[in-house]
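Chemist: Below: sequence and its predicted model.
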Amino acid sequence: MDSLYLRLKKDLAGKIQDQTYKPGDKLPPERTLAKDYGVSRMTLRQALKELEEEGALLREPGRGTFVASPSFLQQNVKSFTETIRGQGYEPTTRILEFSTIYDSQVLSQRLGVDRGTRFYKLKRLRLGSGTPIALETLYIPEESCPGLGEKELEGSLYKVLEEEYGFTVTNISCQMDAVMANRSLMEILQLGKPMALLKVNGITYAQNGRKLFYEESWYRPDLYRYQVDILKRN
């Protein structure tokens, strides 16, 4: 039975990966699946149980078994593009706004630049295989990245900063809070109902300690997770 259920599990996992069964889809009833695959319901349940434990399926009592939405895990300093692609999905970006802000005292203080500095405001919707995952707004000193609006901003900003301006991102200092999505965020992130979002406010640094940009982002916690390692200081 072991090899039979493993083959069944592999086949079902393949159909989830190639989106024969898409996130949110309800699987056929156990009786139907068992008949289609020519296996016992006990064998089928073992395969489904392991897929559920691995996060690929979600079982809801009284409703059935559904394909779970992908959950992306960021463990270190990687771009959104790297994180999503590294877990087998296709990252895409929609630029919602690119503008210039003049003389913001708050941004100047946060980024340690002179008053009167101009900032680029870059607002982007980040998606994984077509599913909205995050809305990010970045504030970047114009003097650090002249001509940024002419660059490719629908991919990895880290890559643009390194290849075009010589800045390598080394660390991020941020604060994370749970905030309820307002109507605007619900619409942009295509939420079917109100939910708490993971709000990230932070500053991204380059290799020389330079503050590159200030970020305000909202992530769907059901689709994107952060892993934080906390070290004890002597």
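Modeler: Sure, I can see it. Numbering: from 1, shown residues only.
Chemist: just for the chain, where's the confidence low?
Modeler: Along the chain, the model assigns pLDDT under 70 to residues 1-2, 69-79, 86-88, 225-234.
Chemist: mind giving me the domain ranges of it?
Modeler: 2-67, 72-226 (automatic domain parsing).
Chemist: isn't residue 84 right up against residue 90?
Modeler: Yes. Applying CB atoms under 8 Å as the test, residue 84 and residue 90 come out as touching, 7.4 Å apart. Every C-beta, even on glycine, is put in place using the N, C-alpha and C of the backbone.
Chemist: between those two, which one's more packed in?
Modeler: Using other CB atoms under 10 Å, the more surrounded residue of residue 84 and residue 90 is residue 84, with 23 against 11.
Chemist: State whether that one is indeed within a helix.
Modeler: Yes. Residue 84 forms part of a helix when assessed by DSSP: H, G, I helix; E, B strand; the rest coil.
Chemist: need the longest helix for the chain.
Modeler: As assigned by DSSP state H, the longest helix anywhere in the chain is helix 2-17.
Chemist: Next secondary structure after that one?
Modeler: helix 30-37 (DSSP states H and E).
Chemist: following that following helix, which helix or strand shows up next?
Modeler: Scanning onward from helix 30-37 (DSSP H and E), the first element met is helix 41-53.
Chemist: Could the C-alpha coordinates of the longest helix of the chain be exported in CSV?
Modeler: Extracted in CSV, the C-alpha atoms of helix 2-17 (Å, rounded to 0.1, in the frame of the first residue of the first chain):
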residue,chain,number,x,y,z
ASP,A,2,2.9,2.3,0.8
SER,A,3,4.1,2.6,-2.8
LEU,A,4,0.5,3.0,-4.0
TYR,A,5,-0.3,5.9,-1.8
LEU,A,6,3.0,7.6,-2.5
ARG,A,7,2.2,7.4,-6.3
LEU,A,8,-1.2,8.8,-5.6
LYS,A,9,0.2,11.6,-3.4
LYS,A,10,2.8,12.5,-6.1
ASP,A,11,0.1,12.6,-8.8
LEU,A,12,-2.2,14.8,-6.7
ALA,A,13,0.8,17.1,-5.8
GLY,A,14,1.6,17.4,-9.5
LYS,A,15,-1.9,18.4,-10.3
ILE,A,16,-1.7,21.1,-7.6
GLN,A,17,1.6,22.3,-8.9
